[in-house]
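> Here is the input, now give the coordinates:
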Amino acid sequence: MALRLSTAGESHGPALVAIVEGLPAGLTLGRDAIDADLRRRQDGYGRSPRQRIEQDEVEVLAGLRHGRTLGTPLALVVRNRDHANWEWGMSPWPPEGEPSGKGTKPVTLPRPGHADFAGALKHGLADARDALERASARHTAVHVAAGAVAKALLATIGVALEGAAVDEEALRARTDEARAERDTVGGTVEVRVRGVPPGLGSYATKDERLDARIAAALMGIQAVKGVEIGEGFALAGLRGSEAHDELLPGFARETNRAGGLEAGVTNGEDVVARAAMKPLPTLMRPLRSVDLATGDPGEALVERSDVAAVEALAVVAEAAVAWELARAAREKFGGDSLDDFLAAHRAYLERIPWAPR
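The predicted model follows:
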């Protein structure tokens, strides 16, 4: 049974959309729980004033009746309230009347570090906005909504996730310093998952390795430039006798340097993944750039921006890891209904020498 996610939408377009396929029938979803994750994403330290405009809430257009999934595609929508200020500039159809509001002028001065330059060249765009709108991290809102659905499915088998910034106090101090100097900062987040049974994922092919899938999901988040599972890069400096997690009677372990994954398969320990985020490329003191239309030197596009989005990234990373674990759980346990899914999970736990800790 395959869990699939397709998304659409632009940063300042009418809405963001997600289609989730492969959910079992009978899964209870709570609107408040999804909206709570959307708020967590917006409330991260260092966020821009846009977060006070959006006030994200989920809408469901299909696949849910009276709060329970139907086993059919689930359609999620998160409206962009800021679209009201961009109706002419981001109209899906050729706009009528005189240009008004935001987005009326083409973007020809790409921001170093953003999709502006590469996207414009790749697609032959005269206006880099046609690339940057989709590349924007605003798009992560609908991924968080889909991740909340994945978390609801994982909760039925006792799996719980928590994402947080690494050294939050120091991050906030750096954010305050950068704000005063009209600059931006990055940082690192960690996602920790408890209750994951051994046996999710596969060592058979690269595409099925769960550590590779989690790494790809995290690296695919805007501004992420590095990912590690468990102690990751630190393991490269250790000897084999120091690096691996010994098995003790009862199949317990005193360490978890592998981050809950060995050979692409969960091993029953907490799954631990970290993602490193670069400083955001939209700057109030813009970097040097070159005009795509004329070739003349200039300064990059200046647009409303966060000083930091690391705490927000923790929520997005949590959603990304939840999605990949839910995918792996669906592949392992299958089932057209939630009862079938849970029965297969129970039968598996009865077969193996492992119990949630």
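> Now do the helices in this protein.
Applying DSSP state H to the chain gives helices spanning 31-42, 50-54, 116-123, 129-135, 140-155, 168-180, 210-219, 240-243, 310-333, 338-351.
> looking at those, which one has the lowest mean pLDDT?
Least confident of the helices of the chain, judged by mean pLDDT, is helix 50-54 with a mean of 65.
> Mind putting the helices of the chain into a markdown table with mean neighbour count and distance to residue 274?
C-beta: built from backbone N, CA, C; applies to glycine. Putting these into a markdown table (neighbours: other CB atoms under 10 Å; distance: least, CB to CB, whole Å) gives the following:
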| stretch | mean neighbour count | distance to residue 274 |
| --- | --- | --- |
| helix 31-42 | 18 | 18 |
| helix 50-54 | 15 | 25 |
| helix 116-123 | 16 | 26 |
| helix 129-135 | 20 | 23 |
| helix 140-155 | 24 | 17 |
| helix 168-180 | 15 | 14 |
| helix 210-219 | 21 | 8 |
| helix 240-243 | 10 | 17 |
| helix 310-333 | 25 | 9 |
| helix 338-351 | 15 | 28 |
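> Number of residues surrounding residue 103?
By other CB atoms under 10 Å, 19 other residues sit near residue 103.
> Does it touch residue 88 like I think?
Yes: shown here, residue 103 and residue 88 form a contact pair, counting by CB atoms under 8 Å, at 7.2 Å.
> what's near enough to touch the most centrally placed residue in the chain?
The centre of the chain sits closest to residue 316, judged by CA atoms, centre = their mean, with a distance of 3.6 Å. Contacts were defined as CB atoms under 8 Å, 6 or more residues apart in numbering; by that measure residue 316 touches 41, 140, 143, 144, 147, 221.
> Dump the helices of the chain to JSON lines, plus distance to residue 67.
Written out in JSON lines, the entries for these read as follows (distance: least, CB to CB, whole Å):
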{"stretch": "helix 31-42", "distance to residue 67": "8"}
{"stretch": "helix 50-54", "distance to residue 67": "24"}
{"stretch": "helix 116-123", "distance to residue 67": "39"}
{"stretch": "helix 129-135", "distance to residue 67": "32"}
{"stretch": "helix 140-155", "distance to residue 67": "11"}
{"stretch": "helix 168-180", "distance to residue 67": "34"}
{"stretch": "helix 210-219", "distance to residue 67": "27"}
{"stretch": "helix 240-243", "distance to residue 67": "46"}
{"stretch": "helix 310-333", "distance to residue 67": "19"}
{"stretch": "helix 338-351", "distance to residue 67": "13"}
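> Residue 121: which of the contacts of residue 316 is nearest?
Using CB to CB, residue 221 is the member of the contacts of residue 316 that lies nearest residue 121, at 23.1 Å.
> gap between the closest one and residue 64?
Residue 221 is 26 Å from residue 64, where distance means CB to CB, to the nearest Å.
> ditto for residue 257
For residue 257, the distance to residue 64 - CB to CB - is 41 Å.
> Next: residue 193.
According to CB to CB, residue 193 stands 25 Å off from residue 64.
> the more surrounded of the two?
Just comparing residue 193 and residue 64: by other CB under 10 Å the higher neighbour count belongs to residue 193, 24 against 20.
> and the nearest residue to the more buried one once chain neighbours are set aside, what does it touch?
In this structure, residue 193 finds its nearest non-sequential neighbour in residue 271, 4.0 Å apart by CB to CB, 6 or more residues apart in numbering. Contacts were defined as CB under 8 Å, 6+ apart; by that measure residue 271 touches 191, 192, 193, 196, 214, 259, 260, 261, 321, 325.
> Pipe these into TSV and attach distance to residue 176 per row.
Formatted as TSV, the entries for those read as follows, by distance: CB to CB, whole Å:
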residue	distance to residue 176
191	25
192	27
193	31
196	37
214	32
259	32
260	35
261	36
321	29
325	35
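> of all these, which comes closest to residue 285?
residue 191 (32.6 Å).
> Give me the pLDDT value at that closest one.
For residue 191, the model assigns a pLDDT of 98.
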